[in-house]
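1. I would like the atomic coordinates for the input below:
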Amino acid sequence: MNNYTIYNNKEYVLTIHDLPQEDKPREKLIKHGPQLLSVAELIAVVFLVGTKNEDVLAMASRVIKEYGERSFTVQKNVNKMSQDLKIPLNKAAQIVACAELGRRFFQKNDRGVAVIRTPKDVHNFTKEIHDLTKENMIGIYLDAHNRVIHSEILSIGTVDTNIVHPREVFKPALEYCAAAVILAHNHPSGISLPSLSDLEVTRLVKKAGETMKIELLDHVVVTKEAFKSII
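-> Below you'll find the model as predicted:
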């Protein structure tokens, strides 16, 4: 984002207050999502506000210029970052925390391309939902070789109810050009036996998949200790 403009042959520094409401980083993020924001704008969202001496967008742009994008991912010392960039400790802490979150999420998910061929593979792939107190429905999207190309939480239900519509299942399938889909959801009760609603959801999604030529390979109920394939 260009933070400078020329007015009467003089360079004028734009501040967050000079921007139209829809162009302010936080509002822009809410309306359009993160993909349209520059790195400086994303950092401005993290900072939320500047200081009495420096506008938040000016601060974000400066720290990127002075520190470089790559340094954010490796610097773990809050005090050093604060001193290097001349920013408050809480701002440095926000940057370090965000970088650490990104690093942990990347390490957690960077396990190579998963291949799912059996219900047991599904059980292993969905460990993060086994102990949850509400039903979470996960869509697992595969290519023609059963490799996972995408997965996401499709719905979060009550303690014992999870309703998902076929359109919610197949929207990501179309977006990621999936050849097949696997559904999986947890039962907080610890009992892996499918309910009548589980059977009905499976029937509806399978029928919709046949129409769209995207196969529902399986729907697996998972718990910490067990799993049950519905198809």
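2. and the gap between E66 and A40?
-> To A40, E66 is 12 Å away according to Cβ to Cβ, to the nearest Å. The C-beta positions use only the backbone N, C-alpha and C, and glycine is treated the same way.
3. between those two, who's got more neighbours?
-> Using other Cβ atoms under 10 Å as the criterion, E66 and A40 rank with A40 on top: 20 against 11.
4. does that one count as helix, strand or coil?
-> Look at A40: counting by DSSP: H, G, I helix; E, B strand; the rest coil, its state is helix.
5. close enough to count as contact, it and Y67?
-> No - if you go by Cβ atoms under 8 Å, A40 and Y67 don't touch, sitting 11.6 Å apart.
6. Return every residue with contacts to both of those two.
-> Residues touching both A40 and Y67 by Cβ atoms under 8 Å, 6 or more residues apart in numbering: none at all.
7. Tell me who's in contact with the residue most central in space within the chain.
-> By Cα atoms, centre = their mean, the chain has its centre lying nearest to E152, at 8.5 Å. By Cβ under 8 Å, 6+ apart, the contact list for E152 reads 138-139, 172.
8. Flag every buried residue along stretch 166-175.
-> Residues 166, 169-170, 172-173 are the ones in stretch 166-175 that count as buried (16 or more other Cβ atoms under 10 Å).
9. any idea how far Q35 is from the residue nearest to the centre of the chain?
-> Distance from E152 to Q35, by Cβ to Cβ: 16 Å.
10. can you list the domain ranges for this structure.
-> Domain assignment for the chain by automatic domain parsing gives 4-109, 119-229.
11. Could you give the average pLDDT over the last one?
-> For domain 119-229, the mean per-residue pLDDT is 92.
12. Also the first one?
-> Across domain 4-109, the average pLDDT comes to 78.
13. hang on, the earlier thing: most tightly packed of the domains of the chain?
-> Most buried of those by mean neighbour count (mean count of other Cβ atoms under 10 Å) is domain 119-229; its value is a mean of 17.
14. Just the terminal-to-terminal distance for that domain.
-> One end of domain 119-229 to the other measures 6 Å (Cα to Cα, to the nearest Å).
15. Spit out the contact partners of A184.
-> So, once contact is read as Cβ under 8 Å, 6+ apart, A184 ends up touching 122, 125-126, 129, 137-138, 140, 219-222.
16. 10 Å instead, please
-> Neighbouring residues of A184 by Cβ atoms under 10 Å, 6 or more residues apart in numbering: 116, 119, 122-123, 125-126, 129, 136-140, 151, 154, 218-222, 227, 229.
17. Same question for A92.
-> Applying Cβ under 10 Å, 6+ apart, we find A92 in contact with 63, 75, 77-85.
18. In helices, which of those residues appear?
-> Using DSSP state H, the subset of these located in helices is 63, 78-85.
19. does the residue nearest to the centre of the chain count as helix, strand or coil?
-> strand.
20. Name whatever forms a beta bridge with it.
-> Assessed by DSSP bridges, E152 has beta-bridge partners G139.
21. How much space separates it from L216?
-> Distance of E152 to L216, given as Cβ to Cβ: 16 Å.
22. Sweet, I'm off.
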